[in-house]
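Trainee: fold the stuff below for me.
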Amino acid sequence: MRKAMLAAVLMGSLACASRALAIDNGQFENVPPDIRAWFKSVIAPNGVPCCDVSDGHRTIYDVRDGTYWVPIEGRWMAVPERAIIRDRGNPIGEAVVWYVHHRGDIIISCFVPADAV
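Mentor: As a prediction, the model looks like this:
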């Protein structure tokens, strides 16, 4: 199961990397260069890139019993420890979650809390 989950995250990350090129129609042109560079540089603890500006979703979050929870498409989901990035800073001051759809499931690939340093 763990290998399948990691494979799904990797495939999703590769898919979202190519999808980012497809959906960037200039709607992100007002993103400052330093913020754009941060989005492009965020890498999950397992070494997989989180994707790009168009793939990260600003989000609210909750902490329950030491676990981050985020709402994705109307459903609150626990953020897996493997997806939490605490060492890349957060220049936007809001939490950001990256996720992909895989075989009917939503896989959280990366999460940066609002207060990441």
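
Trainee: please name the bridge partners of the residue most central in space within the chain.
Mentor: Central residue of the chain (CA atoms, centre = their mean): residue 98, 2.0 Å from the mean position. Beta bridges link residue 98 to residue 110, judged by DSSP bridges.

Trainee: so after the helix or strand bottoming out on mean pLDDT in the chain, what's the next helix or strand?
Mentor: Within the chain, confidence by mean pLDDT, DSSP states H and E is lowest for helix 2-23 among all helices and strands, at a mean of 39. As assigned by DSSP states H and E, the chain's next helix or strand after helix 2-23 is helix 33-41.

Trainee: quick one, what contacts the residue nearest to the centre of the chain?
Mentor: Listed by CB atoms under 8 Å, 6 or more residues apart in numbering, the contact set of residue 98 reads 16, 42, 50, 51, 55, 56, 57, 108, 109, 110, 111. Using the backbone N, CA and C atoms, a C-beta is placed for each residue, glycine as well.
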